[in-house]
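In: turn this into a structure:
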Amino acid sequence: MSAKQFSWPAADFHEPAFRRPERGGVPHEHLLGEHLAGLLSWARSARQPVSLLLVALQSPADSHCAPAPFLPLEAVSAMQRLIGASDTLVRLGERDYAIMLAGASGTEARILSQVLRRSLVSLPATAPRVGFAVFPQDGADAPVLVRRALYQRDAG
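Out: Numbering: from 1, shown residues only. Have a look, this model is predicted:
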């Protein structure tokens with residue numbers, strides 16, 4: 001990824017107290033907005049891009065037999081292997097995730113979204129959809145970026 005000099009505050013959701021073991025150690029979803037806003041503040045001052053990817057792991061709709069069980073820990077492990085150490089994965093719901101990429105351009109976000117789709121489709125009971133938005137091209141604040149990424153994810 002591009003130059004990544006963003007560092008999370010000391011008491012942030014990278015601390016073990018903010019992680020749930022039953023969710024694969026992924027940070028709490030309610031902190032997404034606050035930390036995305038902090039990342040955008042850093043990006044403005046550093047003149048760096050930020051990419052937000054929203055991932056939905058749906059059940060395949062075309063299955064005529066009983067669906068295989070969804071394995072959230074496998075999905076988390078697969079996504080964590082694909083992102084950098086300074087990137088952040090947040091679980092938003094049972095099958096919904098957000099990935100924040102500090103210093104990542106639209107090209108990098110597009111490549112990661114394609115790699116995520118190819119990697120996650122091999123998991124049982126998973127039909128991945130990925131949408132992304134990039135600061136500043138797609139929006140200047142967190143709500144706009146989330147809406148753009150959701151629209152792209154749901155349209156694709």
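
In: remind me what the helix or strand hosting Leu101 packs against, helices and strands.
Out: Using DSSP states H and E, Leu101 falls within strand 96-102. Helices and strands touching strand 96-102, by 3 or more Cβ pairs under 8 Å, 6 or more residues apart in numbering; DSSP states H and E, are helix 32-46, strand 50-58, helix 72-82, strand 88-91, helix 106-120. No exception for glycine: its C-beta is placed from N, CA and C like everyone else's.

In: CA-only coordinates of that strand in CSV, if you can.
Out: Once non-C-alpha atoms are left out, strand 96-102 reads as follows in CSV (Å, rounded to 0.1, in the frame of the first residue of the first chain):
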residue,chain,number,x,y,z
ASP,A,96,-21.0,-7.8,7.1
TYR,A,97,-17.5,-6.3,7.4
ALA,A,98,-15.7,-3.0,6.8
ILE,A,99,-12.0,-2.7,5.9
MET,A,100,-10.3,0.7,6.3
LEU,A,101,-7.1,1.2,4.3
ALA,A,102,-4.8,4.1,5.3
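
In: on that earlier part again, and of the helices and strands packed on strand 96-102, who's closest to Val130?
Out: helix 106-120 (4.2 Å; Cβ to Cβ).

In: could you find the closest non-adjacent residue to Val55?
Out: Using Cβ to Cβ, 6 or more residues apart in numbering and skipping the chain neighbours, the partner closest in space to Val55 is Tyr97 (4.4 Å).

In: just give me the neighbour total for the one you found.
Out: 24 (other Cβ atoms under 10 Å).

In: likewise Phe132?
Out: 25.

In: which residue is nearest the middle of this structure?
Out: In the chain, the centroid-proximal residue (Cα atoms, centre = their mean) is Ile99; its distance is 1.9 Å.

In: so, low pLDDT: which residues of the protein?
Out: Within the chain, the stretches falling below the threshold (pLDDT under 70) are 1-31, 60-71, 156.

In: mind doing that once more with 50?
Out: Within the chain, the segments meeting pLDDT under 50 span 1-23, 63.

In: buried stuff in the strand or helix carrying Ala149?
Out: Using DSSP H and E, Ala149 falls within helix 142-155. Neighbour-count burial for helix 142-155, counted by 16 or more other Cβ atoms under 10 Å, picks out 142, 145-146, 148-150, 152-153.

In: so the residue nearest to the centre of the chain sits right up against Gly84, yeah?
Out: No - here Ile99 does not reach Gly84: they are 10.1 Å apart, not a contact under Cβ atoms under 8 Å.
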